[in-house]
Structures are given as structure tokens and as C-alpha cells.
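Student: Mind looking at a prediction? Sequence and model below.
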Amino acid sequence: VVRGSSKVGIVGAGSVGATVAYACQVRGVATELALYDVDERKMRAEVLDLNHGLQFTPVASVVGGGLEALAGADVVVVTAGAKQHPGQSRLDLAATNVAMARDLVPRLLEVAPDAVVLVVTNPCDVVTYAALRSAGLPPGRVLGSGTVLDSSRLRYLVAQRCGVAVPSVHAYVLGEHGDSEVAVWSGARIGGQPLERCAPPGTGPLDRAERERIAEEVVRAAYDIIAGKGATWYAVALAVAQIVEAVLGDENRVLPVSTLLQGWHGIDDVCLSVPCVVGRSGVTRVLEVPLAEDELAGMRRSADSVRSVARSLGV
Ligand SMILES: NC(=O)c1ccc[n+]([C@@H]2O[C@H](COP(=O)([O-])OP(=O)(O)OC[C@H]3O[C@@H](n4cnc5c(N)ncnc54)[C@H](O)[C@@H]3O)[C@@H](O)[C@H]2O)c1
């Protein structure tokens, strides 16, 4: 449903950026979508293809051009940059994409000074931190899509195992959007019940070994998809469209987006995903949810890993 008059800018019209545009168009999250990519030919082709769908969607216009096409955007989604090749981790992309963010974000804010900046480019947490540092904005205005996607992957696997619909599973993956992420089983619930009680009769409990296997499958998911089709795009695009909706609709929706941590369980000066309240000005509250001891230790390891990559690049 289109809410008022609103504009979403998308930087990068590759697999992820174009699919984010498509998801935003189909869901009608804004009245105007604007695309920018250094590969102008590809961007023009995507804009044309999306325009030919306007008859069937509630969005008023899809435009493209140089960075100035994003003028006045309420939200800018950053998907530009290098992507993972088979076998590469997200952190391997850091140097290239941090440099891209540092160059892009100040120029972006000149044309869209009021935008909430939503970083999707990997490694999402390091690039979000670099974007925040070069933006000079209040921390809540720059966020990363983080583990909204990973949490949805976890919920899908748990839902399958427990025989319930995916949205009925309440469970988060927190920390890095990447190898050191943490599945928070201690707070996971279906219908208010802890997961141990949610396995269908006769299937045995969802014991520790099985939980570990599921968490590993969540971490491996992107690698498997990249091995099979070169990149991932559908689920991330839907996750991003939901975050954009939360911002434009001022929904105060709780989402595990990547945000600057300032004393969260004692963790400081790093961007990681934790449950956040997301509304019109971006992240308005960071929730310090209770964690089991091993989960907290996992979050600290995740923070160290992301912070050390950022520091090695001078951010
Ligand atoms: N956070 C997540 O959950 C998630 C999920 C999937 C992919 N990703 C990441 O998203 C990024 C994009 O992935 P993709 O598959 O769309 O890659 P892609 O190669 O298909 O597209 C990237 C696009 O960015 C453009 N680009 C590069 N530098 C630019 C710049 N400075 N300004 C404007 N445009 C620029 C390229 O021309 C290209 O069209 C990658 O970093 C990938 O790892 C993140």
C-alpha cells in the first residue's frame, strides 16, 4: 500500500538492487522509486523493465539517472559494490566496498540530505559502520539490513521442523550478518512456548545437536545459493522492502537490523544486528534483550571479528 508521497532511492541496479526495486514496486512501499548505478546501460534497462510493470502496481513512477536522480529520497538503499564469489566470505569484500561507501555516502547526502540510509552491501556491518562514520549523521539514521534475512532463514527452517507457518516462529539471528552470527535459541518461541516443547509429537525434541545443525544451515545458506546461481536476491529484497516499509510507515517495528552499539551488553563502537525499533527516523531504540551465556559470548566474538576488520581498514 502506498503511503503518502514518498521516494525510495536505490544505489546499485545489480541482482540485489533491481530485485529490491521490484519488491518495493510490487509491495507499493513508496510513490516513487529511483535507481542509480555506475553501469548506466544496465540501470536504464532495469528502469525500463520496471516501468513496463507500472500498470499492475500501485507505484507512480520508477526513474533512473546519475546520483541526482535520488534527490529528496526519504530512504536510500545501498546495494552497490562487489559481491561474493563462490568460496569468498562476506568479510573478504570489505576493502573494496568500504572504499565505495566512503566515497558514495557524503555525495549521496548532498542530494538526499534527509534520507535514512539502509546498507545492504556486504560485509553489511562493516560497510554500515563506514557509511555511518562518513555520513556524520545521528547513529539511528544509518542502518544495515543485517540479520533480518538470516532470522527469516532460521524461522523458515524451524517452521519446517515444527510444522507451523513461518511468521508464527519468533526467533532471531543476531550479531554479524556473516560467519560469526548467533542464533538466539534462548528467546525463541512458537505460540509463546520455548522451542523444546514445539516439536510435533513423535518427532523427538529439538535438541542441542539439531539446533546447532539448523544454525549452521542458516550460516551456509548464502554459500549454497551462490554456488548454485551466482548470488542471492529474492529473500534479501523482500527483507529490505519490509525495512523500508517500517521506516516510511513510521511503524516502530522491531527488526534485527545492523546498528551502532554503544554499551549493548557492554559491547561498544561496532555495528551489529540486535533487535531495534525502526521508524521514520531509522533506528529509534536498541533493545538489550536477555541472552544465554554462550549467546552473549558469541555476540562478543562477533563484535571482535567485525571490529577488527573495520580497524584493519582504518574505519
Ligand atoms: N546484506 C545482505 O543480506 C545481502 C544479500 C545479498 C547480497 N548482498 C550484497 O549486495 C551487494 C550487491 O550484490 P549483487 O548480487 O546485486 O551484485 P551485482 O554485481 O549484481 O551488482 C552490484 C552493482 O553495483 C554497481 N556499482 C558498483 N560500484 C558502484 C558505485 N560506486 N556506485 C553505483 N553503483 C555501483 C555495479 O555496476 C553493479 O551493477 C554485494 O555486496 C552483495 O554481497 C547483501
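Tutor: Arrived safely, thanks for sending. Owing to the predicted nature of the structure, the values given are computational and were not obtained by experimental measurement. Residues are numbered from 1 along each chain as shown.
Student: Provide a list of residue ranges in the stretch 151-300 of the chain with pLDDT below threshold.
Tutor: Per-residue confidence for the stretch 151-300 of the chain (pLDDT under 70) gives no ranges below the cut-off.
Student: just the strands in it please.
Tutor: 169-174, 182-190, 193-194, 253-264, 267-279, 282-286 (DSSP state E, counting those that start in this stretch).
Student: list the helices and strands the fourth one packs on?
Tutor: When you say that, I think you mean strand 253-264. helix 124-135, strand 142-144, helix 148-162, strand 169-174, helix 234-248, strand 267-279, strand 282-286 (3 or more C-beta pairs under 8 Å, 6 or more residues apart in numbering; DSSP states H and E). C-beta here means a position set from N, CA and C on the backbone, and glycine is covered the same way.
Student: Check which residues of that strand are buried.
Tutor: Residues 253, 255, 256, 257, 258, 259, 260, 261, 264 are the ones in strand 253-264 that count as buried (16 or more other C-beta atoms under 10 Å).
Student: Output that strand as CSV, nothing but the C-alphas.
Tutor: Taking Å, rounded to 0.1, in the frame of the first residue of the first chain, the C-alpha atoms of strand 253-264 are listed here in CSV:
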residue,chain,number,x,y,z
ARG,A,253,8.6,-2.4,14.0
VAL,A,254,11.1,-4.5,15.9
LEU,A,255,13.7,-5.8,13.4
PRO,A,256,17.2,-7.2,13.8
VAL,A,257,18.9,-4.5,11.7
SER,A,258,22.6,-3.6,12.0
THR,A,259,23.1,-0.5,14.2
LEU,A,260,25.9,1.2,16.1
LEU,A,261,26.2,-0.5,19.5
GLN,A,262,27.0,1.8,22.4
GLY,A,263,27.2,-0.3,25.5
TRP,A,264,24.8,-3.0,24.4
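Student: The ligand contacts on the stretch 101-250 of the chain?
Tutor: Within the stretch 101-250 of the chain, the positions adjacent to the ligand are 104, 120, 121, 122, 124, 145, 149, 177, 231, 232, 236 by C-beta under 6 Å from any ligand atom.
Student: winner for burial among the helices and strands packed on strand 253-264?
Tutor: Ranked by mean neighbour count, the helices and strands packed on strand 253-264 are led by strand 142-144 with a mean of 30 (mean count of other C-beta atoms under 10 Å).
Student: Give me the distance from that one to the chain's centre.
Tutor: 8 Å (C-alpha atoms, centre = their mean, to the nearest Å).
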